[in-house]
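Novice: Sequence first, then the predicted structure, then my questions.
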Amino acid sequence: MTEAPASGERILVVDDEPDIVALVVYHLAKSGYRVSSAQNGTDALAIARRERPALVVLDLMLPGLTGFEVLEQLRADRATRNVAVLMLTARREEPDRIRGLTLGADDYLAKPFSPQELVLRVAAILRRTAGAQPAADVLTAGPIAIDRSAHRVQVEGAEIELTPTEYKLLITLAERRGRVQSRAHLLETVWEAAPDIQTRTVDMHVQRLRTKLGPAGDLIETVRGFGYRMKVEG
């Protein structure tokens, strides 16, 4: 049995199938979460901006705005850009998963799915995005400054916005700079080795992270056949 989260985080469930919404809401509420729901993208965005949920369970096949478009707008809005997102998709094709991850989703789950697995995925995402209480200091790597107490990242003094997963990936690489981090190790550390998360997920998030860091993204080196390493600037 899943333990109820201590803080009763707010979850928003977005799906146009009432039976799925009812099923997901029931299991999340049973696990101690406070749950809202929406059946279309427009309502989902309005609720997300008003309630600031910790996580959105987002179906990709929605009427009107698609799940991809909702995800793009969540990430573009300062009020919701740090909300964690678990995609639900009836499509198992890799391009759909890659597109969602590229847009900033934290994880995905294919339909049909086990409600118990969804609850566990939600808990895992919230665990890794919240993380342990950060040290009250600033970690630097070249022009990158990471304020671990405030979860803020600056490059040459300019603040950049990262998703919770991108932030944890950057922290992992920066804390172990100079050492190669295998994709398997990054999956275990950042994604907590969810059952069907693939190494391609790591590559897509590293690509997004490099883009957001701008020229400083060159500090993240690809070590062919192994994984990634953040360079130590001498």
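Specialist: Happy to help now that I have it.
Novice: what helices or strands is the lowest-mean-pLDDT helix or strand in the chain leaning on?
Specialist: The helix or strand of the chain with the lowest confidence, counting by mean pLDDT, DSSP states H and E, is helix 94-102 at a mean of 75. On a contact count with 3 or more Cβ pairs under 8 Å, 6 or more residues apart in numbering; DSSP states H and E, helix 94-102 meets helix 67-76, strand 84-89, strand 107-110, helix 199-213. Bear in mind the C-beta positions are built from the backbone N, C-alpha and C, glycine included.
Novice: which ones are touching the closest residue to F226 other than its chain neighbours?
Specialist: Using Cβ to Cβ, 6 or more residues apart in numbering and skipping residues adjacent in sequence, the residue nearest F226 is V180, 5.3 Å away. When contacts are counted by Cβ atoms under 8 Å, 6 or more residues apart in numbering, V180 is found next to V223, F226, G227, Y228, R229.
Novice: Before we move on, what's the pLDDT of V180?
Specialist: If you check V180, the pLDDT there is 92.
Novice: Then A135?
Specialist: The predicted local confidence for A135 is 45.
Novice: Against E221, how distant is the residue nearest to F226?
Specialist: V180 is 9 Å from E221, where distance means Cβ to Cβ, to the nearest Å.
Novice: what about burial for the contacts of V180, which qualify?
Specialist: Among the contacts of V180, the ones that count as buried by 16 or more other Cβ atoms under 10 Å are G227, Y228, R229.
Novice: quick one: which of the contacts of V180 is nearest A76?
Specialist: Nearest to A76 out of these is Y228 (Cβ to Cβ; 26.9 Å).
Novice: if we can go back for a sec, could you quantify the relative orientation of the least confident helix or strand of the chain and helix 199-213 as an angle?
Specialist: Counting by axes from the mean of the first three to the mean of the last three Cα atoms, to 10 degrees, helix 94-102 points 40 degrees away from the direction of helix 199-213.
Novice: pull the CA atoms of helix 94-102 into CSV?
Specialist: Output of helix 94-102 as CSV, limited to C-alpha atoms (Å, rounded to 0.1, in the frame of the first residue of the first chain):
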residue,chain,number,x,y,z
GLU,A,94,9.4,6.8,-29.7
PRO,A,95,9.0,10.2,-31.5
ASP,A,96,6.0,11.1,-29.3
ARG,A,97,7.9,10.3,-26.1
ILE,A,98,11.0,12.2,-27.3
ARG,A,99,8.9,15.2,-28.3
GLY,A,100,7.3,15.3,-24.8
LEU,A,101,10.6,14.9,-23.1
THR,A,102,12.2,17.6,-25.3
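Novice: now it, how far from the centre of its chain.
Specialist: 13 Å (Cα atoms, centre = their mean, to the nearest Å).
Novice: wait, what's in contact with the closest residue to Q73 other than its chain neighbours?
Specialist: If the residues on either side of it in the chain are set aside, Q73 comes closest to L45, at 5.7 Å by Cβ to Cβ, 6+ apart. The neighbours of L45, taking Cβ under 8 Å, 6+ apart as the test, are L65, V70, Q73, L74, D77, T80.
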